[in-house]
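# what follows is a predicted protein model with its sequence.
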Amino acid sequence: MNIPNKITLSRIFLIPIFILLLSIPFEWGQLDIGEAFLPVSHFVAALLFIIASTTDWIDGHYARKYNLVTNLGKFLDPLADKLLVSAALILLVEMGLAPAWIVILIISREFAVTGLRLVAAGEGTVLAASQMGKLKTWIQIIAISALLLHNFPFSYLGLRFDIIALYAALIITVISGYDYFVKNWNVMRDSK
């Protein structure tokens with residue numbers, strides 16, 4: 001297994017730690033972030049989420065730079081993104097920081113695209129992530145990070161950047177899902 005794929009696997013292995021940080025009520029104190037308080041465990045989870053998300057760029061850059069792109073990587077990389085983003089969004093709903101309906105739409109798109117990829121794989125075709133799909137992932141990461149940080153540092157300005165970013169993520173997620181299906185519909189149409 002090459003280095004980019006190992007980096008991708010490390011992202012997957014960070015997900016349970018991230019989940020534990022947000023699920024177990026650690027009493028590490030709180031940070032004053034203006035109009036509210038941010039539990040230290042949420043701050044640590046947000047940092048871990050940002051680090052894990054950054055590995056998405058690192059593994060892709062390394063794979064392209066050293067010509068180490070593999071079918072395993074094309075499969076694992078979007079899967080790791082979907083697992084990390086889905087876990088974060090579900091936990092944000094549980095914490096009351098994200099509306100469930102938005103999370104349902106975002107995760108539904110992820111399942112639909114994964115289903116299309118599985119059909120394509122059954123036909124011997126690997127569908128790589130599109131540029132719009134990559135943009136979607138980064139906007140989701142920004143929104144989730146802002147929500148995990150309880151809108152810090154924008155809370156000092158009275159700007160609900162976290163909610164604005166979440167709606168932007170929803171819009172680009174829907175558009176990129178539509179675009180992905182339109183461009184790859186032949187896979188469904190031509191499947192046996």
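Sure thing, it's come through.

# hey, let's count contacts and neighbours off CA atoms from now on
Will do.

# was I right about residue 26 contacting residue 41?
Yes: at 6.4 Å, residue 26 counts as touching residue 41 under the criterion of Cα atoms under 8 Å.

# for the two, indicate the residue with more neighbours.
Neighbours were counted for residue 26 and for residue 41 using other Cα atoms under 10 Å; residue 41 has more, 21 against 13.

# tell me the spacing between that one and residue 101.
Shown here: residue 41 relative to residue 101, a distance of 26 Å by Cα to Cα, to the nearest Å.

# secondary structure element for the nearest residue to residue 86 once chain neighbours are set aside, which one?
Taking Cα to Cα, 6 or more residues apart in numbering, and ignoring the residues beside it in sequence, residue 86 has residue 107 as its nearest neighbour in space, at 6.3 Å. Using DSSP states H and E, residue 107 sits in helix 100-122.

# same question for residue 175.
Assessed by DSSP H and E, residue 175 sits inside helix 161-190.

# over to residue 159?
Counting by DSSP H and E, residue 159 is held by no secondary-structure element, helix or strand.

# so what's the residue nearest to the spatial centre of the chain up against?
Residue closest to the mean C-alpha point of the chain, counted by Cα atoms, centre = their mean, is residue 85 at 3.1 Å. The contact partners of residue 85, taken as Cα atoms under 8 Å, 6 or more residues apart in numbering, are 140, 141, 144.
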